[in-house]
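Chemist: got a predicted structure plus its sequence, pasted below:
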Amino acid sequence: MKLSLPFLFLAGHVIGIVTSFSSPSASLLSPPTRIVMDPLPTVHVYDHCPFCVRVRLAMGIKNVKFRLDFLGNDDIERPTSLVGKKIAPIFSFPQDDLIMGESMDIIKLIDSDARFGPPSSLLPSTSRTDIKAWQKSVQSLLRTLQRPRYVATGLMPEFQQIDGRHAFIKNHQLPPFEKKEWKEGDMGMDDKLRLYAEAMAKDPSALIAELNEKLVELDGMVYCESHCSDTGGLSYDDIDLWSRLRSITIVKGVVWPGKLRKYMDNLSAMGDVPLYDEMAL
Ligand SMILES: N[C@@H](CCC(=O)N[C@@H](CS)C(=O)NCC(=O)O)C(=O)O
């Protein structure tokens, strides 16, 4: 079967499978010129990290080739040698002898320097308070569903080894626990492992039903299938929103409303950042 480009662009979930066999630019109607530098810039990331996804998405949208370096979640030495602490994302740009952190600073840099393609290809943030409020309203629900799933299989690159999974569990509380209580209280590692295991063992139906309702609400706030705000194109609003929503695809059984599903698939293809649907649990 021969698929036309508009079909590939609009084919919803199918596009994720189709484009994983073709270059990211093949899925776009008019992608920017591919930028391949020598040496390549590197983006050091954790796969599950939405701040890291912001940078990957921006580089993908600008069609800039880069080395994607997945850090182990227990690796303190390497990020510390680069930026002085354990954090991701980190951007390494050898041409300028530059190493920097902070996702939005990295994106501002690459979208203002013509070596990374036409500057200002991302429209400014509209600082939408409705989307911010929505994000806040699902924070606890998403932590409860997503965090145990990130580490449940060992399939995510930063969690392939047990020390990586344990480093995450040690430092990331599950609701209703607060961060301080989890990290500084008298809870031992055995308690934390048990709570993560119990969270995975629980029937998630009620929480997923709640999330499905919240996604219907968000679907009404998203402007169209290719950008979330009434900006005429991709903006910093999408860089933040899409990167956070990607994590939800690790949760099996979520029902995505039509527009939002297409938004997820379209930006995944444009940004060359895969969704987790195929490994959701
Ligand atoms: N403001 C930073 C936040 C980065 C951040 O918090 N990254 C998390 C991962 S999602 C991290 O590296 N935390 C330290 C850790 O996991 O040990 C940015 O936008 O780049």
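Modeler: That came through, no problem.
Chemist: contacts only, for the closest residue to residue 93 other than its chain neighbours.
Modeler: Leaving out its chain neighbours, the residue that sits closest to residue 93 by C-beta to C-beta, 6 or more residues apart in numbering is residue 41, at 4.8 Å. C-beta here means a position set from N, CA and C on the backbone, and glycine is covered the same way. By C-beta atoms under 8 Å, 6 or more residues apart in numbering, the contact list for residue 41 reads 64, 66, 67, 91, 92, 93, 94, 95.
Chemist: who's the third one bridged to?
Modeler: Taking DSSP bridges, one finds residue 42 as the beta-bridge partners of residue 67.
Chemist: what's the local residue count around the residue nearest to residue 260 when sequence neighbours are not counted?
Modeler: Nearest residue to residue 260, sequence neighbours excluded (C-beta to C-beta, 6+ apart): residue 219, at 4.5 Å. Using other C-beta atoms under 10 Å, residue 219 has 15 other residues around it.
Chemist: returning to that earlier point: phi, psi for the residue nearest to residue 93 please.
Modeler: Torsion angles at residue 41 (phi, psi; degrees, to the nearest 10) stand at phi -70, psi 160.
Chemist: again with residue 143
Modeler: Dihedral angles of residue 143 (phi, psi; degrees, to the nearest 10) stand at phi -60, psi -40.
Chemist: and for it, the neighbour number?
Modeler: 16.
Chemist: quick one: the nearest residue to it once chain neighbours are set aside from the ligand, how far?
Modeler: Nearest residue to residue 143 in three dimensions, chain neighbours excluded: residue 175, at 5.6 Å (C-beta to C-beta, 6+ apart). Per C-beta to the nearest ligand atom, to the nearest Å, residue 175 is found 17 Å from the ligand.
Chemist: and residue 230, by the same measure?
Modeler: From residue 230 to the ligand the distance is 25 Å (C-beta to the nearest ligand atom).
Chemist: same deal with residue 223?
Modeler: Applying C-beta to the nearest ligand atom, the value for residue 223 to the ligand is 24 Å.
Chemist: that residue: which element?
Modeler: Per DSSP states H and E: residue 223 is located in neither a helix nor a strand.
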